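K.L.:
No sequence on hand, only this structure:
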């Protein structure tokens, strides 16, 4: 794909009323000798020989292949693969590879305490110097203080009264053993709307002791968006790009929902980029 095609495709991804600003940003970038490319990986980097990766953003993603039930859990996976041995055991690895046909590939592995998650429009973001967390995972293992009651006739509900959840949207969440839903269900889970408790509907068990024993043997993971984003420090090295064109990939089992990369371009590229974006101004009329 040529540069012209790449930028035209990016313009097509936005509404017509934003095209002018986007092209203006591109013109500024080209004057500074930098280029931004974004989308789902792998990303194509062009005219980048001798340039550096100036900045990047890797956005989280969370997937679940199927609908869970208490007896048949469906594990929840996010961006980052658990390291099971060695120095970084217990961390989550996010390898970023820059590869080309004319030189060896270079891989930088970023190790995180937790994977990068996404629930609805709330997503974790990884930058060169920090991680922004907008989603949280909790594991219910029976050590919580639970109560139980019967609602809506014969429907049994177990309640963990706590103000520590900090949920952003009680209608959004994902769980490995229960379908996440606000409405009553024979098997369901949700955090209440005022952040004072987590409710589990489970008719197969009738007492708190039995329920806590069941949780101890069948841990329940709940992932949900949080009210206040948190920030942690993450240090990674920027790499020199050794070839004129390259492909950047994120080598995780679950792929990020989006990646944005800014890199310095060669001098000749910075000049030709101005010509290219000027041509795209004419393309805008056809797109609109």
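P.N.:
Everything's here; your move. All values derive from a computational prediction rather than experimental measurement.

K.L.:
got any ranges where the chain has weak pLDDT?
P.N.:
When residues are selected by pLDDT under 70, those of the chain lie in 1-33, 49-50, 101-103, 182-184, 235-244, 265-288.

K.L.:
make it 50
P.N.:
1-2, 270-271, 284, 286-288 (pLDDT under 50).

K.L.:
Break it down into its structural domains.
P.N.:
Domain ranges of the chain: 1-33+265-288, 137-227, per automatic domain parsing.

K.L.:
Next, the distance between the ends of the longest one.
P.N.:
Okay, so that is domain 137-227. Using CA to CA, to the nearest Å, one end of domain 137-227 lies 13 Å from the other.

K.L.:
now it: how far from the chain's centre is it?
P.N.:
Offset of domain 137-227 from its chain centre (CA atoms, centre = their mean, to the nearest Å): 24 Å.

K.L.:
so residue 53 touches residue 246, yeah?
P.N.:
No - under the criterion of CB atoms under 8 Å, residue 53 makes no contact with residue 246, lying 10.1 Å away. C-beta coordinates here come from the backbone N, C-alpha and C atoms, glycine included.

K.L.:
Mutual contacts of those two, please.
P.N.:
Here residue 53 and residue 246 share the contacting residues residue 98, scored by CB atoms under 8 Å, 6 or more residues apart in numbering.

K.L.:
What are the boundaries of the helices in the stretch 101-250 of the chain?
P.N.:
208-217 (DSSP state H, counting those that start in this stretch).

K.L.:
how about the strands in it?
P.N.:
Along the stretch 101-250 of the chain, the stretches classed as strands by DSSP state E, counting those that start in this stretch are 106-112, 118-119, 122-123, 125-126, 130-140, 146-151, 155-161, 174-175, 187-191, 197-202, 220-233, 245-250.

K.L.:
Show me the one of the ones you listed that comes nearest residue 99.
P.N.:
Taking CB to CB, strand 245-250 is the member of the strands of the stretch 101-250 of the chain nearest to residue 99, at 5.3 Å.

K.L.:
Which helix or strand lies directly C-terminal to that closest one?
P.N.:
Sequence-wise, the next helix or strand downstream of strand 245-250 (DSSP states H and E) is strand 258-264.
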